[in-house]
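Asks: Fold the following for me, if possible:
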Amino acid sequence: MKRTKDDWIALISFLFALWFSLAGIVWVYGAALIIAYPFGLISFILWRFFLGEKRKQSKIIPTILACGLLLSLMVLFFTWLSYSAG
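Replies: Next comes the predicted model:
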């Protein structure tokens, strides 16, 4: 089976989305803004603008990005809440 350019873009976008969802919870000194959020943005751009027809077939990438963003913001909120309470 020969891989096309769209297959490679989808794989890269998927891997970047996974990295974003895993590293997005690291809010020590705002590290998520540097080590996670750029990869999430790149993943979204690849999925949105470069996948074309495969974008409609692949719903897992935006799902991972949305879950990663929600988890990251929840961790940020609870971190802020624990610092402000203590």
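
Asks: Can you classify Val26 as helix, strand or coil?
Replies: Under DSSP: H, G, I helix; E, B strand; the rest coil, Val26 falls in the coil class.

Asks: now it, nearest residue through space, not along the chain?
Replies: Spatial nearest neighbour of Val26, chain neighbours left out: Ala32 (5.3 Å); criterion: C-beta to C-beta, 6 or more residues apart in numbering. (Each C-beta comes from the backbone N, C-alpha and C, glycine too.)

Asks: next one: phi and psi at Trp27?
Replies: Torsion angles at Trp27 (phi, psi; degrees, to the nearest 10) stand at phi -110, psi 20.

Asks: and it, what does it touch?
Replies: Residues in contact with Trp27 (C-beta atoms under 8 Å, 6 or more residues apart in numbering) are 72, 75-76, 79.

Asks: Kindly recompute the last result at 7 Å.
Replies: Counting by C-beta atoms under 7 Å, 6 or more residues apart in numbering, Trp27 touches 75-76, 79.

Asks: from those residues, which single one is nearest Tyr37?
Replies: Sorting these by how near they are to Tyr37, with C-beta to C-beta, puts Leu76 at the top with 11.3 Å.

Asks: show me the contacts for that closest one.
Replies: The contact partners of Leu76, taken as C-beta under 7 Å, 6+ apart, are Trp27.

Asks: The same query, at a cut-off of 8 Å, please.
Replies: Per C-beta under 8 Å, 6+ apart, neighbours of Leu76: 27, 32.

Asks: do the same with the one 3 residues further on
Replies: Thr79 makes contact with Trp27 under the criterion C-beta under 8 Å, 6+ apart.
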